[in-house]
Every structure is written in structure tokens, then in C-alpha cells.
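>>> Okay, sequence plus prediction incoming.
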Amino acid sequence: MPIIFTYCRLAVGLAAAVALAAGCSQVQSTALNSEGVRLYQAGNYQQAADSFQRAIANDPRSATSYYNLAAALHKSGKLTNNPNDLAQAERYYNQCLEYDPNHTECYRGLTVLLVETGRTDASFRLLEGWATRSPQLADPRIELARLSEEQNNQQLASARLVEALAIEPTNPRALTALGRLREVQGDRAQALANYQRSLAVNRYQPEISARVAALQASGAGAGVPASPLVNPTPGTRTADQWQSSVRY
């Protein structure tokens, strides 16, 4: 019995040490990612990539680190016309998705890279595959809508956003995007209604607030009742700017 007791104490001690080491590695990875983001925002993309690579060395399963590294190499490859950086970026985007199969920003980055390198059909297949594998998520449909509009197919973009809202009726990104489409198509009253619903869910969208004010000032809201407010979601993130001042 004493031997078993001693072994158990040792096993617990080793488990605690492993957990502590893992925790320290994750903290270091987070710090390196933060430093990489600072370098990226300053335009130092290669230095940012180095920081993200060190973050991966500390936490090899971090989808965020792979995404950040891919984004830095993607930016660097575009600026310097370096096909090697672009190829590496594609590989790291895919590694990100191995660790997080629903990483929206990673899908967006990889989709953009595929389009930029002349593989638009592959970008649609990528997003359609995601939508099939994750029927419970609105994001794949929103990204398909974005891509469809980029390819000048507003009708398909609108249909994808309607699908997204059928899954998640209060998704602010889908509501904002559909409002933008309606506004572009000249249906200002419906655009206003969509924008108002989006703001009801997430009021922290100054650009959408500005569009609502502009549409109301133009008389677009005549006869359009305001949507009832629900509890806002602080910190809800919107996507990168795309084709207008309204964020998708």
C-alpha cells in the first residue's frame, strides 16, 4: 500500500507540473500574439510573422496563432508579390481550420487568397463545404453572400443572407449586410428596417447608426415602425470593411 500511495502522489505532482507548463505556454503564446498584432498594425509583416511563429512554438494547437501567421504572410506576399509567402499563408490558413473548423476569419482570409490567386471556384467550394458541415451556423451563409456580391451576384447574395437569418434571425452581421444590399438596390425602406433590427441587437455600430439617421432624414422611414429593442450584445465584432462604409 505505501508504494501505491507514493506512486499516486508522484502522478498527481507530474499532472500538476504538466498543467502548469501548459498554462505558461499558453500565456507566452498570447503575449507573442499580442506583440505580433502590434507589429502587423505597424506594417512590419515579416517581424509579425516571426512573432506568430514563436507563438505557435509555445502553443502548437492554437488556431488563432496559425490564422495570425497566415494573415501576416498573406499581407507580405501581396505587397512584395512573393508567391512563396502566399503559398505558406494558404498552408497556415488550412492548419488554422484543422484546429478550429468554424474559424470565420480564417475562412474569410483563405477565401480572399483563393480569389486573388485566380481560384474563385475553389473559394465557393470552400465556403459551401463549410455551410454543409455546419448547418447550424449563420456565418458560412454570410461569407457566401459576401463572396457572391463580390462576384456581382446580388440575387444570390440576398438569398444567402435570407438563409443565414432563417438560422439566426437576430444575427447583426446578416441584418446589416441585407440592409446594405437593399439600400444598393434602391429599397430604402427595407434597408432602414434591416439596419434598425441590426442596431436593436448590437447598438455599437456607429456607421449603421449614421445610415439610419441619413435614411430617416431622407424620408425613407415614413410608415416603417421602429423595431423593438432587445438587450444589446456588447463587444459584438463586425467584419472588415468591404466595398462601402457599411461593414459586412
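The structure has been received and is ready for your questions.
>>> what packs against the helix or strand hosting V112?
Assessed by DSSP states H and E, V112 sits inside helix 104-116. In terms of contacts (3 or more Cβ pairs under 8 Å, 6 or more residues apart in numbering; DSSP states H and E), helix 104-116 is packed against helix 63-80, helix 83-99, helix 120-133, helix 139-150. In short, each C-beta sits where N, CA and C put it, glycine included.
>>> quick one, it and helix 83-99 angle?
Relative orientation of helix 104-116 and helix 83-99, computed by axes from the mean of the first three to the mean of the last three Cα atoms, to 10 degrees: 140 degrees.
>>> mind checking pLDDT for A17?
On the pLDDT scale, A17 is placed at 45.
>>> quick one on the thing from earlier: would you mind getting the angle between the helix holding V112 and helix 139-150?
Going by the same axes, to 10 degrees, helix 104-116 makes 30 degrees with helix 139-150.
>>> who are the neighbours in contact with the nearest residue to P83 once chain neighbours are set aside?
Once flanking residues are discounted, P83 sits nearest to G77: 7.1 Å by Cβ to Cβ, 6 or more residues apart in numbering. By Cβ atoms under 8 Å, 6 or more residues apart in numbering, the contact set of G77 is P83, N84, D85, L86, Q88, A89.
>>> Show me which of the residues you listed are buried.
D85, L86, Q88, A89 (16 or more other Cβ atoms under 10 Å).
>>> could I get the residues you listed as JSON lines with pLDDT and distance to Y204?
As requested, these are exported to JSON lines (pLDDT from 0 to 100; distance: Cβ to Cβ, whole Å):
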{"residue": "D85", "pLDDT": "97", "distance to Y204": "35"}
{"residue": "L86", "pLDDT": "98", "distance to Y204": "34"}
{"residue": "Q88", "pLDDT": "98", "distance to Y204": "35"}
{"residue": "A89", "pLDDT": "98", "distance to Y204": "31"}
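>>> before we move on, back to that, export the helix holding V112 to PDB, keeping only CA atoms.
The C-alpha trace of helix 104-116 is given here as PDB (Å, rounded to 0.1, in the frame of the first residue of the first chain):
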ATOM      1  CA  THR A 104     -14.800  32.600 -39.500                       C
ATOM      2  CA  GLU A 105     -11.900  35.000 -40.000                       C
ATOM      3  CA  CYS A 106      -9.700  32.100 -41.300                       C
ATOM      4  CA  TYR A 107     -12.300  31.100 -43.900                       C
ATOM      5  CA  ARG A 108     -12.500  34.700 -45.000                       C
ATOM      6  CA  GLY A 109      -8.800  35.100 -45.300                       C
ATOM      7  CA  LEU A 110      -8.400  31.800 -47.200                       C
ATOM      8  CA  THR A 111     -11.400  32.700 -49.500                       C
ATOM      9  CA  VAL A 112      -9.800  36.100 -50.400                       C
ATOM     10  CA  LEU A 113      -6.400  34.400 -51.100                       C
ATOM     11  CA  LEU A 114      -8.100  31.800 -53.400                       C
ATOM     12  CA  VAL A 115      -9.900  34.600 -55.300                       C
ATOM     13  CA  GLU A 116      -6.700  36.700 -55.600                       C
END
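>>> circling back: identify, from the contacts of G77, the entry nearest to P101.
Ranked by distance to P101 (Cβ to Cβ), the contacts of G77 are led by A89 at 18.8 Å.
>>> Distance check, the closest one against R133.
Using Cβ to Cβ, to the nearest Å, one gets 23 Å for the distance from A89 to R133.
>>> same deal with L175?
Taking Cβ to Cβ, one finds L175 at 24 Å from R133.
>>> So for these two, which sits in the more crowded spot?
Regarding L175 and R133, a neighbour count based on other Cβ atoms under 10 Å identifies L175 as having more, with 27 against 11.
>>> In a strand, the more buried one, correct?
No - looking at L175 with DSSP: H, G, I helix; E, B strand; the rest coil, it is helix, so not inside a strand.
>>> dump the residue contacts of it.
Counted by Cβ under 8 Å, 6+ apart, L175 has contacts L165, N194, Y195, R197, S198, V201.
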